[in-house]
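Visitor: Fold the following for me, if possible:
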Amino acid sequence: MTTRIEGMLEDIGPIGVFLRPTQGFLAKLPSNQAGLSDPGALIIAHSLGGLITLHAVEARPELFFGVLYADVPH
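Guide: Below you'll find the predicted structure:
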């Protein structure tokens, strides 16, 4: 499967499969609802989850307060 995200790698394989559901989940979190002074999720991401999170941060940075990456390939 090939997924194209503007400004990112052209062939990101399985990351694209999880990217949209991850962004949808983050957008529905209470910390990302309107009216909060400090919105955004704090994420701890490992391995493939870190790669998915990296792409989600690039696409929708407003959904994040911060990210701690652990053992993420680069």
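Visitor: For stretch 21-28, what does the pLDDT average out to?
Guide: If you average the pLDDT over stretch 21-28, you get 86.
Visitor: now the strands for the chain?
Guide: Counting by DSSP state E, the segments of the chain that form strands are 41-46, 64-70.
Visitor: So which other helices or strands are in contact with the longest one?
Guide: Of the remaining helices and strands, those touching strand 64-70 by 3 or more CB pairs under 8 Å, 6 or more residues apart in numbering; DSSP states H and E are strand 41-46, helix 48-59. Every C-beta, even on glycine, is put in place using the N, C-alpha and C of the backbone.
Visitor: now these in JSON lines, with mean neighbour count and mean pLDDT?
Guide: Output for these, formatted as JSON lines (neighbours: other CB atoms under 10 Å; pLDDT from 0 to 100):
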{"stretch": "strand 41-46", "mean neighbour count": "15", "mean pLDDT": "90"}
{"stretch": "helix 48-59", "mean neighbour count": "19", "mean pLDDT": "90"}
